[in-house]
Each structure stands twice: as structure tokens, then as C-alpha cells.
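Asks: Have a look at this prediction, sequence included:
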Amino acid sequence: FAGVVYNFDQEGVHRADSGWEESISIPLVQPDMWELLQQWDNLLEEFSLEEAWLPHRYEEQQHNCFTFALAFINRVRQGRGRQPLSKAQFTESFLLPHTREASRYLALHQQLAHRDFYIVPLAEQEQEQ
């Protein structure tokens with residue numbers, strides 16, 4: 001994916017277009033929500049400039065990057081007339097399924113890396129079946 005990652009730490013909000021290559025991308029917006037997709041960057045930029053995300057407001061346990069992400073998602077949900085998600089709901093619905101999938105992928109990758117395997121792509125005819 002190409003894009004910018006927003007993150008919040010003791011130095012405030014950061015925007016980075018590199019350095020996050022090994023992170024997990026979790027889709028939050030359905031592809032058919034074209035209007036929201038067009039507004040997403042502007043909404044995120046405006047949100048990141050709010051006083052709540054100034055460096056001195058950072059607190060490692062209670063007001064951190066997770067809080068930033070969840071607060072933004074809940075702001076978007078509120079704007080669409082939806083109920084906010086709790087930390088537990090957000091974790092269960094969005095984070096855990098993707099981290100479990102990544103964990104399975106990494107475990108498989110480790111097993112393959114430590115054995116003599118050669119992966120051959122399927123011929124085009126076999127892929128279509």
C-alpha cells in the first residue's frame with residue numbers, strides 16, 4: 001500500500017511515508033464507501049491537529065497511539081450516525097483477526113525458511129481452475 005501513516009507518541013503526531021513497511025494494514029472502510037474514502041485524509045489531518053494530540057497530552061497507558069486511532073475511528077463512526085466502539089470491541093473486531101492471520105503467516109514463513117523448500121508458481125491454466 002502507498003500512503004501516509006499517522007502515529008502519536010510523546011513527541012506528538014507524526015506523519016510518515018516510510019518506516020512502516022512491516023506493519024499490518026487493517027482496512028477500516030468498505031470499498032463501496034467512495035465518499036468517505038475521498039474525505040478520509042482531510043478528516044485525519046484535521047483530527048491530528050486537535051489539542052488532544054499535543055505532545056504534553058501523551059500518557060503511555062491511557063492516552064497513546066491506540067487511543068489516537070480509536071478516537072479517530074469513533075469520530076468517523078459518529079459522523080456516520082454509528083455508535084462508538086470500546087477498546088475491547090475495536091480490539092476484538094479489527095485487531096485480533098488481522099494479528100492472528102499475520103501470526104499464522106509468520107509461523108509458516110519461519111517453517112519454510114528453515115527447510116529446503118522450493119515454491120513453484122502454478123501454470124496459468126492450473127490457476128484458472
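Replies: Thanks, I have it.
Asks: residue ranges with poor pLDDT in this protein?
Replies: Scanning the chain for pLDDT under 70 picks out 1-2, 125-129.
Asks: show me where it has helices.
Replies: Assigned by DSSP state H, the chain shows helices spanning 34-48, 65-79, 87-90, 96-113, 124-128.
Asks: The shortest one packs against which elements?
Replies: Packed against helix 87-90 by the contact rule (3 or more C-beta pairs under 8 Å, 6 or more residues apart in numbering; DSSP states H and E) you find helix 65-79. Backbone N, C-alpha and C define where each C-beta goes, glycine included.
Asks: Tell me which other helices or strands the helix it packs on touches.
Replies: For helix 65-79, the packing partners by 3+ C-beta pairs under 8 Å, 6+ apart come out as strand 5-9, helix 34-48, helix 87-90.
Asks: That one to helix 34-48, inter-axis angle?
Replies: Taking axes from the mean of the first three to the mean of the last three C-alpha atoms, to 10 degrees, one finds that helix 65-79 is oriented at 130 degrees with respect to helix 34-48.
Asks: who's in contact with helix 65-79?
Replies: Here helix 65-79 makes contact (C-beta atoms under 8 Å, 6 or more residues apart in numbering) with 6-9, 13, 28, 36, 40, 43-44, 47-48, 52-53, 83-85, 87, 90.
Asks: ok, back up a step: winner for burial among the helices of the chain?
Replies: helix 65-79 (a mean of 16; mean count of other C-beta atoms under 10 Å).
Asks: from the chain's centre, how far out does that one sit?
Replies: 12 Å (C-alpha atoms, centre = their mean, to the nearest Å).
Asks: Fine by me, thanks again.
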